[in-house]
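Peer 1: quick one: sequence and predicted model below, then my questions.
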Amino acid sequence: MAEIPKGGQMLWKLVGDDRVLHLRHNPSEPWRYYEEFPEYVQPDPQGFSQGIATFMALLKQEWTTFKS
């Protein structure tokens, strides 16, 4: 995983029938699909929500989770 800035934000959004991770670095930015940050993306285990592995990795980097 690339050098990740501290203090980013994460949000799970419903996309079709699945919740998908969205990210932003600060509140003034729009939420973006997590795969738009390829330097952060981690491969997901089969059968889990899109972005779960990335979510867990970013939690360890002190990113904040927001409820949708």
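Peer 2: On my side now, so go ahead.

Peer 1: tell me the buried residues in the helix or strand encompassing residue 54?
Peer 2: Remark: residue 54 resides in helix 52-59, with elements defined by DSSP states H and E. Of the residues in helix 52-59, those buried by neighbour count under the rule 16 or more other Cβ atoms under 10 Å are 52, 53, 54, 55, 58. For glycine as for every other residue, the C-beta is placed from the backbone atoms N, C-alpha and C.

Peer 1: and if you look at stretch 24-44?
Peer 2: Counting neighbours by 16+ other Cβ under 10 Å, stretch 24-44 gives 24, 34, 37, 40, 41, 44 as buried.

Peer 1: contact partners for the second one?
Peer 2: So the one you mean is residue 34. For residue 34, the contact set (Cβ atoms under 8 Å, 6 or more residues apart in numbering) comprises 20, 21, 22, 23, 40, 41, 50, 51, 54.

Peer 1: wait, the fifth one touches residue 23, no?
Peer 2: Just to be clear, that refers to residue 40. Yes. Applying Cβ atoms under 8 Å, one finds residue 40 in contact with residue 23, separated by 7.3 Å.

Peer 1: hmm, residue 27 is touching residue 8, no?
Peer 2: No. Because the distance of 10.7 Å does not satisfy Cβ under 8 Å, residue 27 is recorded as not touching residue 8.

Peer 1: quick revisit: tabulate the buried residues of helix 52-59 (JSON lines), appending pLDDT.
Peer 2: Below are the buried residues of helix 52-59 laid out as JSON lines (pLDDT from 0 to 100):
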{"residue": "52", "pLDDT": "94"}
{"residue": "53", "pLDDT": "95"}
{"residue": "54", "pLDDT": "95"}
{"residue": "55", "pLDDT": "95"}
{"residue": "58", "pLDDT": "95"}
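
Peer 1: all good on my end, thank you.
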